[in-house]
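Show me how the following folds:
(one chain, ligands or ions: 1)
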Amino acid sequence: MTYSIEARDLRLDYRGSPALRGIDFRLAGGGIYGLIGRNGSGKTSLLSLVASLAKPTAGTLLVDGEDPFENPRIMPDVCLVQDRIKDSGDEIWKVGSFLRTAAALRPRWDQEYADRLVDLFELPRRKRISSLSLGKRSALNIIVGLASRAPVTIFDEAYVGLDAPSRYAFYDEVLADYMAHPRTVIMSSHLVEEVDSLFEEVLILDEGRLLVHEDTDDLRSRGVSLTGPAQAVDDLRHGLTVLNEQVLGGTKSITVYGDLDEDALSRARAAGVEAGPVRLQDLFVHLTRKDRR
Ligand SMILES: Nc1ncnc2c1ncn2[C@@H]1O[C@H](COP(=O)(O)OP(=O)(O)OP(=O)(O)O)[C@@H](O)[C@H]1O
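Numbering: from 1, shown residues only. Predicted coordinates:
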């Protein structure tokens, strides 16, 4: 089951200080979406609204066509997983009881899958959460997100604390389980290098504004690095946004963002300029650089 998510001029202030400054987007649902942004850009604020942990200051937010805030139909079907169990009082629970409680709150919970994930992430069922390492606590939360099978499942930086083998196991699980049980999955992070291949669409937040919302492949194709003789590279830059520029002797390398057509690319090659792809992480870094704001 999949739910759409729609925001119209969505705003959130904390005591008069804006965290979201008028956000508009529509996620059709049934996809894995990447929400990227620098620290403090508003990712958690936006996701908290979707999960009904807060009410917008202004604007509209709709999940499956309805306002999610204190909405008894929508709330059990939105599962927000944060990086670890913070000082919420949950630390006194044993792993097994914590999962049983999560199961009771989630109408689409799959216990067999939860058990398999507990084994995969090697979590001790009888231990108290307070005695788990931070990475194991993250894994426990991730298990709740996956096994909930919630039509809207959100991982808010949830995997950043996992070690590399566990992170890769998590990415494999997200993809496999999403294929078997399509739903709306949102993964937020400022570290996208390992996960960007999972995203069908990417949203980039910057200082409370939505800078980009695009199909991931389209976004990638808009970023090109051009390296070659300085003059030849400069001849190509007209009409394109130059995100980054480096000069080494007579060689120049620029990262451009925009629609570079095939004609321009052939001219570039003829002039000895090499055109290469730009990683999503680099595009994100350049697009959100302080001096570009
Ligand atoms: N409870 C709060 N009270 C006051 N201001 C807050 C609160 N939570 C967030 N903010 C502010 O709102 C803005 C957005 O914060 P938010 O946590 O949504 O960003 P983020 O993109 O999730 O950041 P990070 O990657 O560091 O987790 C920041 O300026 C932050 O200081």
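
where do the helices sit along the chain?
Ranges of helices in the chain, per DSSP state H, are 43-50, 95-105, 111-120, 134-148, 164-180, 216-221, 230-236, 262-270, 280-287.

State the pLDDT value of S189.
Note on S189: pLDDT of 86.

Enumerate every residue touching it.
Residues in contact with S189, defined by Cβ atoms under 8 Å, 6 or more residues apart in numbering, are 34-36, 157, 159-160, 195. In this view, the C-beta of every residue, glycine as well, is placed from N, C-alpha and C.

Next to the ligand, which bits of the stretch 101-250 of the chain? Give me the list.
H190 (Cβ under 6 Å from any ligand atom).

now the residue in the stretch 101-250 of the chain that the ligand sits nearest to, nearest residue through space, not along the chain?
Using Cβ to the nearest ligand atom, the single residue of the stretch 101-250 of the chain nearest to the ligand is H190, 5.4 Å away. Excluding its sequence neighbours, the residue lying closest to H190 (Cβ to Cβ, 6 or more residues apart in numbering) is R38, at 5.9 Å.

neighbours around that neighbour, how many?
17 (other Cβ atoms under 10 Å).

how much space is there between it and P165?
R38 sits 28 Å away from P165, going by Cβ to Cβ, to the nearest Å.

go on, E66?
E66 is 40 Å from P165, by Cβ to Cβ.

If you count surrounding residues, which of those two has more?
E66 (12 against 8).

So the more buried one sits against D77, correct?
No - taking contacts as Cβ atoms under 8 Å, E66 lies outside contact range of D77: 10.7 Å.

okay, and the helix or strand of this structure with the least pLDDT?
helix 262-270 (a mean of 84; mean pLDDT, DSSP states H and E).

Just the buried residues of that helix, please?
Neighbour-count burial for helix 262-270 flags 264, 268 (criterion: 16 or more other Cβ atoms under 10 Å).

swap in stretch 161-173?
Buried residues in stretch 161-173 (16+ other Cβ under 10 Å): 161-162, 166-167, 169-171, 173.

swap in stretch 284-293?
Quick answer for stretch 284-293 (16+ other Cβ under 10 Å): 284-288.

And stretch 62-77, by the same measure?
62-64, 68-69, 74-75, 77.

Only alpha carbons, please: show it as PDB.
Only the C-alpha atoms of stretch 62-77 are listed here, as PDB (Å, rounded to 0.1, in the frame of the first residue of the first chain):
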ATOM      1  CA  LEU A  62      -1.600  16.100   3.000                       C
ATOM      2  CA  VAL A  63      -0.700  12.400   3.400                       C
ATOM      3  CA  ASP A  64      -2.900  10.200   1.300                       C
ATOM      4  CA  GLY A  65      -5.000  13.300   0.700                       C
ATOM      5  CA  GLU A  66      -5.600  14.100   4.400                       C
ATOM      6  CA  ASP A  67      -4.100  16.300   7.100                       C
ATOM      7  CA  PRO A  68      -2.000  13.800   9.100                       C
ATOM      8  CA  PHE A  69      -2.000  15.800  12.300                       C
ATOM      9  CA  GLU A  70      -3.700  13.700  15.100                       C
ATOM     10  CA  ASN A  71      -5.400  11.800  12.300                       C
ATOM     11  CA  PRO A  72      -6.200   8.300  13.600                       C
ATOM     12  CA  ARG A  73      -6.300   6.800  10.000                       C
ATOM     13  CA  ILE A  74      -3.000   8.200   8.900                       C
ATOM     14  CA  MET A  75      -0.800   8.200  12.100                       C
ATOM     15  CA  PRO A  76      -0.400   4.400  12.500                       C
ATOM     16  CA  ASP A  77       0.600   4.200   8.800                       C
END
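
For stretch 12-22, the averaged confidence score.
Stretch 12-22 comes out at a mean pLDDT of 96.

And for stretch 192-205?
92.

State the distance from the residue nearest to L132 when sequence neighbours are not counted to D110.
Among residues not flanking L132 along the chain, L140 sits closest, at 7.0 Å (Cβ to Cβ, 6+ apart). Computed with Cβ to Cβ, the distance linking L140 and D110 is 16 Å.

what about those two, which has more around it?
When L140 and D110 are compared on other Cβ under 10 Å, the one with more neighbours turns out to be L140, at 24 against 17.

isn't that one right up against F98?
Yes - contact criterion Cβ under 8 Å: L140 and F98 qualify, at 6.7 Å.
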